[in-house]
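**Student:** predicted model and sequence below, questions to follow.
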There are 2 protein chains.
Amino acid sequence: MAKAKAGSKKCCTTSETLALPDVAWAEDLAKLSWALAHPARVRIVRLLLSRTSCVCGEIVEEMPLAQSTVSQHLKILKETGLVQGEIDGPRVCYCINQAALAKLKALIGEL
Amino acid sequence: MAKAKAGSKKCCTTSETLALPDVAWAEDLAKLSWALAHPARVRIVRLLLSRTSCVCGEIVEEMPLAQSTVSQHLKILKETGLVQGEIDGPRVCYCINQAALAKLKALIGEL
DNA sequence: GCAGCGTATCGTATATCGACGATAGGCATT
DNA sequence: AATGCCTATCGTCGATATACGATACGCTGC
C-alpha cells in the first residue's frame, strides 16, 4: 500500500516523518522488544546483569524451567544479540551485550 | 527446583537482589515489551506519538493491514495500557498513555 | 580411551499470535 | 426513521512460541 495521504492531513499537524525509514526502525525495536517479551527472558537478562557473567547451570537453577527450555530462551537472546556466550572450558559463560542493550534503550528513548 | 544456591556463589559477587520481587517486576516489563514486540504495534505507537492523537481510520490507512487486524493490535495496546482511546462522535480517537510509556522507559532503564 | 558432567539440539504437543473476511454495534447526517 | 460511515468483535486458518523429555555433542578428569 502506502498510497494517498499526501494531502489528507486533517487531524493534528505534526511532522511527516514516518515514511520508509520508520519501517526498518520499527522492526528493529520490535525484534529487541520481543526478546524481552517473556518473563523468563527478562529474568535471565536481569540475572546476568546482576552478576556481570554467569554460567548456564546457575541460570537453570534460578528458574522453574527445564534445562532445555532455558537453553532455548538463551538461544533467542543470543539471536537478538542481547547476550553473548563464550565457551569457558566444560561450561558456557553468558554475559550481557552492553551494546545491544544500549541500542534497545536508545530506541525506546526515541519513543 | 530452587534448591541450593545459598552458598553457591563462585561466579562474580554482586548483590543478591533477585528474589521474589524480581518475578513480578519481570512480568511487568515482559508485558510492556510484548506490546512492542510486533512491528505493526511499534509503528502504531510511533504514529500516535507523531500526532498527539489520531483516529483509527488514519492508522489503518498508514498500515498495509486490514482494518480488523489494526483494530486487534489497538486492542492489545489498550490492554497493556500503552494507548487509550476515547470515543469522539462516530470515530475513536487514540492517544498514547504517557504514564505507561514512562513506566516502560523506567523499567528498561533499570536494566 | 572411557566415564562423567554441562550444554545444545531434536522432536513433539499444546497454546497463542497474527492475519483475514464477514458481521454486528454506534453515532451523524439525511 | 432510515441510511451510511467508522469501529469492534467473531470465527477461522496457518504460523509460531513455549514447554518438555530424550538425545547428541564437547570438554575435563580418571
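**Tutor:** Looks like it arrived, so ask away.

**Student:** can you give the contact residues for the helix or strand A:Thr69 falls within?
**Tutor:** Using DSSP states H and E, A:Thr69 falls within helix A:67-79. Around helix A:67-79, the neighbours that count as contacts under CB atoms under 8 Å, 6 or more residues apart in numbering or on different chains are A:35, A:38, A:40-41, A:44-45, A:56, A:59-60, A:63, A:65, A:83-85, A:94. The C-beta positions use only the backbone N, C-alpha and C, and glycine is treated the same way.

**Student:** swap in 10 Å and give it another go.
**Tutor:** A:31, A:34-38, A:40-41, A:43-45, A:48, A:56-57, A:59-63, A:65-66, A:82-85, A:92, A:94, A:96-97, A:100 (CB atoms under 10 Å, 6 or more residues apart in numbering or on different chains).

**Student:** for chain A, what spans make up the helices?
**Tutor:** Using DSSP state H, the helices of chain A run over residues A:21-35, A:39-49, A:56-62, A:67-79, A:98-109.

**Student:** just name the most buried of those.
**Tutor:** Across these, averaging neighbours per residue (mean count of other CB atoms under 10 Å in any protein chain shown) puts helix A:39-49 on top, at a mean of 22.

**Student:** quick one, what contacts the residue positioned nearest the centre of chain A?
**Tutor:** By CA atoms, centre = their mean, chain A has its centre lying nearest to A:Leu32, at 2.9 Å. A:Leu32 sits next to A:80-82, A:100-101, A:103-105, A:107-108, B:33, B:36-37, B:108 when contact means CB under 10 Å, 6+ apart.

**Student:** I'd like those as a markdown table, with distance to DNA strand D appended.
**Tutor:** A markdown table is the format used below for these (distance: CB to the nearest atom of the strand, whole Å):
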| residue | distance to DNA strand D |
| --- | --- |
| A:Thr80 | 11 |
| A:Gly81 | 15 |
| A:Leu82 | 13 |
| A:Ala100 | 18 |
| A:Leu101 | 19 |
| A:Lys103 | 20 |
| A:Leu104 | 17 |
| A:Lys105 | 21 |
| A:Leu107 | 19 |
| A:Ile108 | 19 |
| B:Ser33 | 10 |
| B:Leu36 | 14 |
| B:Ala37 | 9 |
| B:Ile108 | 18 |
